[in-house]
Every structure is written in structure tokens, then in C-alpha cells.
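>>> From the sequence below, what's the structure:
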Amino acid sequence: MIIREFNPSDLKRVFEIEKASFKDPYPLGVLKMMYDIGAGFLVAQKNNNVVGYIIFWIQKNNEGHIISLAVDEKYRRQGIGTRLVNSAIKILKKFNVKEVSLEVRKSNKVAIKFYKALGFKKEGVVHKYYDDGEDALVMKKYL
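The predicted model follows:
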């Protein structure tokens, strides 16, 4: 398995993974826009097939932010998500980023446990963050 930069030919597959992974997936156009504006965008590839991705960027105050992370259900629990997050953090560190944040559904216990295992800690709550009214936990990792 390799982690590499996203290229536009990956878009359809990334969108398939996005739709299968999230209750309120980003539209195809938003994913393309993330690439177009220069957000960090990595994919995990196994046997010439994209099996996961991460999108991230640097916000004001030099803070990294993970926008989206997903792994095809058939490839979960194989360390792919961990490799994607660690690869993104490695890139962010090159830009002197000192902390990385993300939002996760309060009900997504699996994701919360995953991020905690990577050293992220709960920092707060954003009420009614998601379209269906669910709150998001803000998690942060200091580098």
C-alpha cells in the first residue's frame, strides 16, 4: 500500500468512498474544489485501487485542520487511516504547524476512539454542527 498525492483521476473513487462513509457526504464539486484551491489531499492506494483519502489544510494562526478522512469499508482496521493521518501531520510539520484539529460526530464512537489513539484530545463541542442537527466534538492534537 502506498500513500500518494491525489490527482484528478482519483476524484470519482474518492467520491464513492465519501458517499459510502458519511451520512452527509461532501458533494463531488466540493471535493474537486478542495483540490483546486490547494488543500492537502492524499490517497491510499492498494493494488492500483484508491482505498482511502485525507483532505487537510492550514488555517489562520498556522493551525492544521483535517477536513475529511475516510477508508473504504473493506479496507478498514488495516492501519490505512493511521498512515493517512500520520502522512498529513508529517506534511503539516514541514510548514511549522503546531496543532491539528478536526470535527467528528458526537455519536461516532469508533472515530473518536481512533483519533484518541492517535493522540487527539477533546477540546470542545460545536452545537448543531451537522445538517441533521447533531453536535460535533472538536478534537485537537498538539505537535
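>>> what separates the closest residue to E99 other than its chain neighbours from E63, distance-wise?
Of all residues not flanking E99 in the chain, Y142 sits nearest, at 5.0 Å (CB to CB, 6 or more residues apart in numbering). C-beta: built from backbone N, CA, C; applies to glycine. Applying CB to CB, to the nearest Å, the value for Y142 to E63 is 10 Å.
>>> ok, now K113?
Distance from K113 to E63, counting by CB to CB: 23 Å.
>>> Name the residues contacting each of Y142 and E63.
Taking CB atoms under 8 Å, 6 or more residues apart in numbering as the criterion, Y142 and E63 both touch K98, E99.
>>> who has more neighbours, these two?
Counting neighbours by other CB atoms under 10 Å for Y142 and for E63 shows that E63 has the greater number, 15 against 9.
>>> Touching, the more buried one and F95? I think so.
No. Between E63 and F95 there is no contact under CB atoms under 8 Å: 10.7 Å.
>>> give the contact list for V126.
Going by CB under 8 Å, 6+ apart, the list of residues near V126 reads E103, D135, A136, V138.
>>> which of the residues you listed are buried?
When burial is judged by neighbour count using 16 or more other CB atoms under 10 Å, the buried members of the contacts of V126 are E103, A136, V138.
>>> can you pull the pLDDT of the residue nearest to E99?
With respect to pLDDT, Y142 has a value of 94.
>>> And for L42?
We note a pLDDT of 97 for L42 in this prediction.
>>> unless I'm mixing things up, it is touching D10, no?
No. Counting by CB under 8 Å, L42 does not reach D10; the two are 10.0 Å apart.
>>> what touches both of these two?
Shared contacts of L42 and D10, defined by CB under 8 Å, 6+ apart, comprise Y53.
>>> ok so, going back, turn the buried ones among the contacts of V126 into TSV, columns for pLDDT and distance to Y26.
Output for the buried ones among the contacts of V126, formatted as TSV (pLDDT from 0 to 100; distance: CB to CB, whole Å):
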residue	pLDDT	distance to Y26
E103	95	13
A136	93	15
V138	96	19
